[in-house]
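K.L.:
quick one: sequence plus predicted model below, questions after.
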Amino acid sequence: MEIDRFLIGDNPFIGVSHLSQERSRERSFGLSIARIVNIVEIAFQSGAEGLAFSTHPTMYDVLSAMRERKYEREFGIYPLIPDATAYARLASGKGVPGLVADTLARLDAVRRVKTAIRGALSAMRLNISAMMNTFVDLEIQKVLNVAPSKAELRGVFAHELICDTALAFKHKELLQEYIDHVCDKYSVRAGLVTRNFARLVSFLKEEDIDQNCIMVMTPFNRVGFQMTPTKEECEVALDQCGANVLAISTLAAGSVKVNDALEYLRTKPRLKGFVIGVSNPEQARETFGKFRERLQLGST
Amino acid sequence: MHAAIANALSEGVVSICEKDRLLSTLASKVLPKVQFYDDPVEMVTKENLDAVYVTTPTHTHVPILEKLASQTGLGVFCEKPLAESCDKATYIARIFEGRTVMVGFQKRFSSPFLRGKELLDKQVLGDLSFFRSHCYLTDVFGRRRGWRYEKGTGGVLLDLGVHLADILLWYFGEPKVVKSVKRAIYSEGEDYVHSVLRFNTGLVGSMEVCWSVRNHRLPELHIEISGKKGTMVINDDYLHIERDKENLTTPEVARFHKQAMTPSVNFLLADPEYTLESRAFLESVSLEQKCRPDFNDAAKVNRLVDTIHREAKKDI
């Protein structure tokens, strides 16, 4: 269950900037699918090995475009499920039946019927675990249906709203069920996205949850941006964490320069990987080039 | 979300009231330690609660709050807006007078807006001249059903615009509405509202609310204020201030990003202001003291909303 060290993050492609919404508009303005595909390909040429992305409609289009043009390079895919905002909007616009129909429509006919039957049976039996597993399978299948043939599923992340809500309620069973299902069925690491890293690490330890097939995606940066409750506590937790940890927000939403970010990250050898968002070809080339040069395992 | 934050910050969520049987049955399987009820009175009578969070659709707030009013020792947090109309909100504010109550106008706990209030109170811009403000979201681009979009229980002003209305009232006090226009493009309620406001101090300004604006993935609140000594821009991400310097053409400029101003929280879900809001409420409950924004503040928001609607009707 190896994971890639340098992953492309999708935030700039879907209009997310943690620094400001003005900036996210500027960055995503004029970003056509073709341009995003170009940025992704340059990032791969420059050292990226995988793509971590939410199941946002734009990312389906990006993967579809890469599939259509028969993109030949092998790379890892790490979907982050669910796209909470899209689900909320769909449910609000079309109601729950419309949401289910829309979601099933992304599957081929056979899988659509199978998934609908499994989902209906789990709901009738009020089997939460089966419902959740059906949902996870559905989300993964939607991604695999559009991914290029050389793309390989190497991990699945649960959205921070899921992970942190489960954490708030100390819901071991929910997390354990998700971890077991992803690890057993797909033989990949189950990912947890959190903005409460120190709390998560304590929880995993207290509840004796096996961390060998878990990966955690969480902010790590020199200014402590989004490191909850504090940068220092997250750094201590990193040393105690048995799961693979991937750093996000390494540039603190653009407030830290790449070289300064790298200096900090080099002092954290327990970080197994880095998820980096880039919004243009030059940035993709420069940022992944530098990350690879300075943070590749064995680099000094 | 409120339940998760409250659970992380307090001794824990002990009971939930949910009328939908299927939903409560499923939720009870996920949260086996929590007691589920379908009647709020039964819940607060049987459980020894310190506080309740009312996070139901807007038009159900008043009937639920009426039922909770007799539980005098109970702290009450209600999701925004407090009610669908000023009359109802004022009635609820009256029966909860003196109690520990809060309404979910969490923007007041967002560091740029909080810093903006501090600077305005210190009169750093001098006498205020005018302001422009908006609240935009990319959301409604087709026919929508449900209470959130219907006339009387929803519309963009009651759903989204109340956050901006609350901040303007907090900053400047209660205004007179000079002119309003609105348009229902997709919803039965309105999707676009523009109002011109005038305050007793002479300050004038505009507020525009729309959930059918493109390229605004998240709700975005933005206020630009001009005074005799400078200008300030406040939004969800930063506070930017330009103050005139004597005998100089270039102003003194400073920008404070939210990340740099926000205190650390011990649990983060969505934005830190939700945690800060809940923390302020729960601390007030434990100290049995009042907190803000309370039901009276919320009733003023409803009054402004009603006035804007009334003025907009004159346009039609």
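P.N.:
Cool, the structure landed.
K.L.:
use CA for all of it now, contacts and neighbours both
P.N.:
Will do.
K.L.:
tell me the spacing between residue A:235 and residue B:76.
P.N.:
According to CA to CA, to the nearest Å, residue A:235 and residue B:76 sit 38 Å apart.
K.L.:
what about the helices in the stretch 201-316 of chain B?
P.N.:
Taking DSSP state H, counting those that start in this stretch as the criterion, the stretch 201-316 of chain B carries its helices at B:258-261, B:272-287, B:295-315.
K.L.:
repeat that for the stretch 201-300 of chain A.
P.N.:
Under DSSP H, counting those that start in this stretch, the stretch 201-300 of chain A gives helices at A:231-240, A:258-265, A:281-295.
K.L.:
flag every buried residue along the shortest one.
P.N.:
For helix A:258-265, the neighbour count (16 or more other CA atoms under 10 Å in any protein chain shown) marks A:261, A:262, A:265 as buried.
K.L.:
any residues touching it, and which ones?
P.N.:
For helix A:258-265, the external contacting residues (CA atoms under 8 Å, 6 or more residues apart in numbering or on different chains) are A:220, A:221, A:222, A:250, A:251, A:271, A:287, A:291, A:294, A:295.
K.L.:
which one is the third one nearest to, not counting chain neighbours?
P.N.:
Same thing as residue A:222. Ranked by CA to CA, 6 or more residues apart in numbering or on different chains and with sequence neighbours excluded, the top spatial neighbour of residue A:222 is residue A:264, at 5.7 Å.
K.L.:
what of the second one?
P.N.:
Closest residue to residue A:221 apart from its sequence neighbours, by CA to CA, 6+ apart: residue A:250 at 4.7 Å.
K.L.:
okay, the residue nearest to residue A:222 and residue A:220: tell me how far apart.
P.N.:
When distance is defined by CA to CA, residue A:264 is 9 Å away from residue A:220.
K.L.:
please apply the same query to residue A:214.
P.N.:
Per CA to CA, residue A:214 is found 18 Å from residue A:220.
K.L.:
residues near the closest residue to residue B:266 other than its chain neighbours, how many?
P.N.:
Leaving aside its chain neighbours, residue B:266 sits nearest to residue A:229 (4.6 Å; criterion: CA to CA, 6+ apart). By the measure other CA atoms under 10 Å in any protein chain shown, the count of residues near residue A:229 is 20.
K.L.:
residues touching residue A:229, list them.
P.N.:
A:196, A:198, B:264, B:265, B:266, B:267.
K.L.:
what is the lowest-pLDDT residue among the residues you listed?
P.N.:
Sorting those by pLDDT puts residue B:264 at the bottom of the list (86).
K.L.:
that one reaches residue A:228, doesn't it?
P.N.:
Yes: here residue B:264 reaches residue A:228: they are 6.9 Å apart, a contact under CA atoms under 8 Å.
K.L.:
the more surrounded of the two?
P.N.:
residue A:228 (23 against 19).
K.L.:
what's the local residue count around the closest residue to the more buried one other than its chain neighbours?
P.N.:
Nearest in space to residue A:228, with sequence neighbours left out and distances taken as CA to CA, 6+ apart, is residue A:196 at 5.2 Å. Using other CA under 10 Å, residue A:196 is surrounded by 26 other residues.
K.L.:
let me see the mean pLDDT of stretch A:51-61.
P.N.:
The model assigns stretch A:51-61 a mean pLDDT of 92.
K.L.:
how about stretch B:236-246?
P.N.:
With pLDDT averaged residue by residue, stretch B:236-246 scores 91.
K.L.:
show me how far it is from its chain's centre.
P.N.:
24 Å (CA atoms, centre = their mean, to the nearest Å).
K.L.:
my read: residue B:275 touches residue B:267, true?
P.N.:
Yes: with contact defined as CA under 8 Å, residue B:275 reaches residue B:267; the gap is 6.9 Å.
K.L.:
setting aside sequence neighbours, what's the nearest residue to residue A:149?
P.N.:
residue A:67 is the one closest to residue A:149 (CA to CA, 6+ apart), at 6.8 Å.
K.L.:
scratch that, residue B:151 is what I was asking about
P.N.:
residue B:189 (4.1 Å).
K.L.:
so what's the residue most central in space within chain B up against?
P.N.:
Chain B has residue B:105 as the residue nearest its centroid, 2.5 Å off, counting by CA atoms, centre = their mean. Neighbour list for residue B:105: B:79, B:80, B:163, B:166, B:293 [criterion: CA under 8 Å, 6+ apart].
K.L.:
from those residues, which two are the most distant?
P.N.:
B:79 and B:166 (13.3 Å; CA to CA).
K.L.:
ok, these two, which is more surrounded?
P.N.:
residue B:166 (24 against 19).
K.L.:
for the more buried one, helix, strand, or coil?
P.N.:
Secondary structure for residue B:166, judged by DSSP: H, G, I helix; E, B strand; the rest coil, is helix.
K.L.:
for it, list the residues it contacts.
P.N.:
B:105, B:297, B:298, B:301.
K.L.:
if we use 7 Å, what do you get?
P.N.:
Shown in contact with residue B:166 (CA atoms under 7 Å, 6 or more residues apart in numbering or on different chains): residue B:301.
K.L.:
the one 5 residues further on too?
P.N.:
Contacts for residue B:171 were tallied using CA under 7 Å, 6+ apart; they are residue B:117.
K.L.:
after the host helix or strand of it, which helix or strand is next?
P.N.:
Residue B:171 is part of helix B:162-172, with elements assigned from DSSP states H and E. Once the chain leaves helix B:162-172, the next helix or strand it forms, by DSSP H and E, is strand B:176-183.
K.L.:
pLDDT on the helix or strand following that next one, on average?
P.N.:
Using DSSP H and E, the next helix or strand after strand B:176-183 towards the C-terminus is strand B:192-198. Averaged over strand B:192-198, pLDDT sits at 98.
K.L.:
can you check stretch A:67-79 too?
P.N.:
The model assigns stretch A:67-79 a mean pLDDT of 94.
K.L.:
for it, output the C-alpha coordinates as CSV.
P.N.:
Provided in CSV are the C-alpha atoms of stretch A:67-79 (Å, rounded to 0.1, in the frame of the first residue of the first chain):
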residue,chain,number,x,y,z
ARG,A,67,-9.0,9.4,-21.1
GLU,A,68,-10.3,10.6,-24.4
ARG,A,69,-6.8,11.7,-25.5
LYS,A,70,-5.4,8.3,-24.3
TYR,A,71,-3.0,9.8,-21.8
GLU,A,72,-0.2,7.2,-21.5
ARG,A,73,1.7,8.1,-18.3
GLU,A,74,0.9,6.0,-15.2
PHE,A,75,-0.2,8.0,-12.2
GLY,A,76,-2.0,7.4,-9.0
ILE,A,77,-5.5,8.7,-8.3
TYR,A,78,-6.7,9.7,-4.8
PRO,A,79,-10.4,10.7,-4.9
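K.L.:
partner residues bridging the residue positioned nearest the centre of chain A?
P.N.:
By CA atoms, centre = their mean, chain A has its centre lying nearest to residue A:80, at 3.9 Å. Beta-bridge partners recorded for residue A:80 (DSSP bridges): residue A:54, residue A:157.
K.L.:
that older thread, pretty sure the residue nearest to residue A:228 contacts residue B:269?
P.N.:
No: the pair residue A:196 / residue B:269 is not scored as a contact, 8.4 Å apart, by CA atoms under 7 Å.
K.L.:
low-confidence stretches in the chain?
P.N.:
Looking at chain A here, since you left the chain open. Scanning chain A for pLDDT under 70 picks out A:17-20, A:23-24, A:26-30, A:84-126, A:298-300.
K.L.:
my bad, the chain I had in mind was chain B
P.N.:
For chain B, the stretches with pLDDT under 70 are B:247-248, B:316.
K.L.:
perfect, that will be all.
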